[in-house]
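Colleague: turn this into a structure:
(chains A, B and C)
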Amino acid sequence: MNQTATIAPSVAAAGPVDPLEDRSELLTFRCGGQRYAVDIMSVREIRSWSQPTPLPHAPPFMRGMVNLRGSVLPVMDLAHRLGSPPTDDDPRNVIIVIQDRARVHGLLVEAVSDIVNPRMDQLQDVPQVGDGDDNAMADRLFVVDDVMIQVLLIARILPPIGTQFAGTMT
Amino acid sequence: MDPMDAIRVTFFEECAELLESLEAGLLALHAGTQDADTVDAVFRAVHSIKGGAGAFGLKPLVAFSHEFETALDALRSGRLAPDAAAVSVFLRAGDQLGDLIEACRNGDTPTVPDTADLMGLLAGTDDTAVSSDPAVDFAPVMLDLDVAPLFDDAFTDMPEATDNRTWIVTFEPLPDLLISGNEPLFLFRALEVLGRIEVEALLEGLPPLGNMDPQVLGLRWMIRLIPSAPDLTETEIEAIFEFALDLCVLDICLAPAPTIALTSAPVTHQSVTPPMEGLRQQPDEPGLDSLPDTEPCSPRPPDAPATPLPKPPPMTTIRVDLERVDRLVNLVGELVISQSMLAQGMIRAGLDQHSEAVTNLDDLQQLTRDMQDSVMSIRAQPVKSLFQRMTRIVREAAQSTGKDVRLETDGEGTEIDKTVVERLGDPLTHMIRNAIDHGLEDPKARTAAGKQPTGVVRLSARQQSDRVVIEVSDDGRGVDRDRVLERAIARGLVPAGKILDAGEIDRLLFLPGFSTSETVSSLSGRGVGMDVVQRAIRDLNGTIAITSTEGLGCVISISLPLTLAILDGMIVRSNCQRMVIPLSAIIETQTISAARIERLGSRQTVVQLHDHFVPMVDLAQGMGFPSALRSRSDGSADCDAADDDDNALLFVQSDDSGPFAIRVDAIEAQRQVVIKGLGEDFGHVPCVSAATILGDGHVALIVDPAGIAATSGLQTKRPTPALFPESSLQ
Amino acid sequence: MRVLAIDDSRTIRDMVRLTLEREGIETTLAEDGLHGIEVLDGLEKRPDAILTDLNMPRLDGFGFIERIRKQEKYSGIPILVLTTENARELKLRARAAGATGWIVKPFDPARLVGALRTVTGLT
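Modeller: Have a look, this model is predicted:
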């Protein structure tokens, strides 16, 4: 059935980040054909795909809810949220369970790639390109093996608390 | 944040302010301002710090501030002069106090600073007796009557005395008791916590009625107390009278016990007297901390010897944080879900029904169900406190309407979930007020009708399988059906000339804004009618019904589930989605084939319910799910194209609109489901009240019919009269 | 049950309110004797009990109780004194002013609530 992997223990085992070198620890993943990353500290676990129960009158990027060990977890199609077309249903999809303070949310992505430790000086500011949605969500950029990875801020991805779900929302 | 943490923060903030005012005051004293207010302010600053510190158990802080306070008290009472030397000691102490507070705030356990200087200040005064240990409460010292050493080993062969010794309490209030706000009745009620009491007023020596002074209680009472716990001590009894000890003459003694035949060599034992025998209470010197002795009552003529009562187990309770209980309830709920998933998994894996694994799982499920019942019962509370609140409501209502009313209660011990008890308060209050205001007649009318002038309102509670039934009844005039119907027609709620049977007329009372009183009574208010009550009951997943008999009275019956965490629901399928509709919202169900469906204009469909037509909504559409059939990504068989024959209608009732029908592809099962609230993350989700996790592990929405009505634009607030065939033709 | 609680310490006021409201007891607060009288006069319905500290600025606990006991409209309201002192003299003085009973700080929440229930006969 569903397989889950809890991130935290393995990260701990990898040892503390060297304080002399200012580095961040990020989980990289692929969605909407692009590569992104989030702070590892906000990732609670990774679950394999399960069919979410749709929510009525929900914005199109909200896929619905899944059962997370007896609790109800909202799941968002991250690609769609970032302005790309909706992710296809594929059993190889992955749900990244993220936590921002007390809020726990699921992000539907295509695949999880790696854990990376870029130095602070490797992180570039996001250049202003018009006013596309994904610019607002990404905080920083960095490049690994010629691939550009956008670092997302969880707080900006999650819809504000108490948002009325009726109708569409940006 | 735990509320105590917030208060702790407040405390340290307050300490900072108090330290400031302490320093300011001391500096003022130093500068020569020596008025009483300044000194008092200085004293109070330290006093308040001590009080708060005690509340948080910061012992070193309490200890030091206590010494500081004592010295300041000497200053305050004039025994110590605020000279330069004294003030500088105080200033230094203030600094030390500040350091101590800082350390406590950081969570260290500092040592108490040396108080020699403070004590030195006191040495010169007469203040040698420091008040008693601040941690000691006034309550009389617990007498631990360890009687074991007094008995011989022979007593171990003694047949067990099974009687709970009866206590005799004689209580004579002194003149000032009432003025101090103590109330004998409440004291007796408090005694009832300890066991069963029989109260007898001793009337000898009462002055004649004309000479009685209402401010002075000339009564005495003798109370026989049959304790529910066999080890009840005299101190516990006395503790009840704690505040009144100096305002009454109290005598507590044991009723003489029946003689017990000893099988072994009788050993004479001394009458058990407490070690502090010297402290006999002198009636002419009421003291605040004196103790009567516990010799068996001899001067009074012994009543029939106390019959040995069966020993009920002593009741022990513990206080538990409600949050912890809720967490436990949640976990057990999840356990139940997990088990259903396991069971389903086993079936799908093809395990034989009779295999060991399945049998074991059945056992496990039974255990879990028992555990769930137990856990739910932790939150259960008797309705007694709720009913008792109503006595006051009855009193007030009787008074303001000028009627004579008596409240009877039954089944006070019936238990129901704590939140339900709390939320029943308002509805019950409304119902009782309505009963007294509209139901009961005034004494004259009652007598004319051949009834007792005092009307009776009856509150009863009983458990009926997995529900609790609460009834409010009165013996008044019943529902005035003619007037109700008249009103309903006048307001357009019912078409003129309509014939309704008694029950249907009674049910009209639940319609919004329905109130038959012409004059808005100050008591029931305007339109605060049964519709509000019904909504409240529905919110509790309960149902409510009225039964009225003309001239004899009215009974309102409420049926509530034992717990709020579990819902009785109907699992239905619509457009490949499984959803749950609360059973309490469903009026009835019907298969599509048996239904009479008509179209109203181009957009609306209606279906016949009894002799009305009500709107019909397709569930998936009503919820805003796209109509295309979704196929499951793993191709599982859960969603075959719906077999049209299975299509069904559920007629539901929501409070904001009249009844309407929900069309579903199929009704699957009736089940008890664990309610999972949708957290803040979901925002406000229309049409949904909560979610649950079904046996197959999938999340299912619990439908909110009122929401569907709203989003589907169902405007009807009243049942639409059945259309005659010709008017349906457009 | 409705209770008026008077104490000049914000910490104690917060704790009393937390303790009482947890038990479903409606609590109104005041910060000294004079404020207590103002608040009391302004209440729609008289409280079922009053809880008061002794040491307070402007008008202390004794003063408050004496004044209240002189007024017909507040007669019979149980008044519990909440205090850190355990001294006998203080109790006698409180009693003389007209106090119904006393609770020592730091108070045991169960004791406070139990005492309130006993003296008011309410839950």
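
Colleague: against A:L158, how distant is the residue in chain A that chain C sits nearest to?
Modeller: Closest contact between chain A and chain C, by CB to the nearest CB, is at A:A102 (22.4 Å). Every residue, glycine included, has its C-beta placed from N, CA and C. Noted for A:A102: a distance of 11 Å to A:L158, by CB to CB, to the nearest Å.

Colleague: the more surrounded of the two?
Modeller: Between A:A102 and A:L158, counting by other CB atoms under 10 Å in any protein chain shown, A:L158 is the more crowded of the two (19 against 9).

Colleague: if you skip the residues just before and after it, what's nearest to the spatially most central residue of chain C?
Modeller: Nearest residue to the geometric centre of chain C (CA atoms, centre = their mean): C:L51, 1.1 Å. Of all residues not flanking C:L51 in the chain, C:A5 sits nearest, at 4.3 Å (CB to CB, 6 or more residues apart in numbering or on different chains).

Colleague: the lowest-mean-pLDDT helix or strand in chain C: which residues count as buried?
Modeller: Scoring the helices and strands of chain C by mean pLDDT, DSSP states H and E places helix C:88-97 at the bottom, with a mean of 81. Buried residues in helix C:88-97, defined by neighbour count with 16 or more other CB atoms under 10 Å in any protein chain shown: C:90-91, C:93-95, C:97.

Colleague: can I get whichever helix or strand comes after that helix in PDB? Just the C-alpha atoms.
Modeller: Sequence-wise, the next helix or strand downstream of helix C:88-97 (DSSP states H and E) is strand C:101-104. Provided in PDB are the C-alpha atoms of strand C:101-104 (Å, rounded to 0.1, in the frame of the first residue of the first chain):
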ATOM      1  CA  GLY C 101     -14.600  32.500  54.900                       C
ATOM      2  CA  TRP C 102     -11.000  32.500  53.800                       C
ATOM      3  CA  ILE C 103      -8.700  30.900  51.300                       C
ATOM      4  CA  VAL C 104      -5.000  31.100  51.600                       C
END
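
Colleague: against C:D14, how distant is the residue of chain A closest to chain C?
Modeller: Distance from A:A102 to C:D14, by CB to CB: 24 Å.

Colleague: could you do C:T28 as well?
Modeller: 14 Å.

Colleague: more neighbours: these two, which one.
Modeller: Per other CB under 10 Å, whichever of C:T28 and C:D14 has more neighbours is C:D14, with 23 against 17.

Colleague: ok now do the more buried one, which residues does it touch?
Modeller: Remark: with contacts taken as CB atoms under 8 Å, 6 or more residues apart in numbering or on different chains, C:D14 is in contact with B:6-7, B:10.

Colleague: list only those of those residues flagged as buried.
Modeller: B:7, B:10.

Colleague: for B:Q604, state which of the contacts of C:D14 is nearest.
Modeller: Closest to B:Q604 out of the contacts of C:D14 is B:A6 (53.5 Å), distances taken as CB to CB.

Colleague: what strand or helix carries that closest one?
Modeller: Going by DSSP H and E, B:A6 is part of helix B:3-30.

Colleague: B:T391 too?
Modeller: Going by DSSP H and E, B:T391 is in helix B:384-401.

Colleague: could you pull out the buried residues of the helix or strand following that helix?
Modeller: Moving toward the C-terminus from helix B:384-401, the next helix or strand (DSSP H and E) is strand B:405-410. Across strand B:405-410, burial judged by 16+ other CB under 10 Å covers B:405, B:407, B:409.

Colleague: what pLDDT does the second one get?
Modeller: Looking at B:L407, its pLDDT is 88.

Colleague: what about the helices in the stretch 1-150 of chain B?
Modeller: Assigned by DSSP state H, counting those that start in this stretch, the stretch 1-150 of chain B shows helices spanning B:3-30, B:36-55, B:59-76, B:84-105, B:116-123.

Colleague: can you count the residues close to the residue of the stretch 51-200 of chain B found nearest chain A?
Modeller: Distances between the stretch 51-200 of chain B and chain A by CB to the nearest CB are smallest at B:G107, namely 24.0 Å. Number of residues near B:G107 (other CB under 10 Å) recorded here: 6.

Colleague: residues contacting it?
Modeller: B:G107 neighbours (CB under 8 Å, 6+ apart): none.

Colleague: where does it fall, phi/psi-wise?
Modeller: phi 90, psi 10 (degrees, to the nearest 10).

Colleague: give the contact list for the most centrally placed residue in chain A.
Modeller: Nearest residue to the geometric centre of chain A (CA atoms, centre = their mean): A:L107, 5.3 Å. Counting by CB under 8 Å, 6+ apart, A:L107 touches A:31, A:75-76, A:78, A:95-98, A:157.
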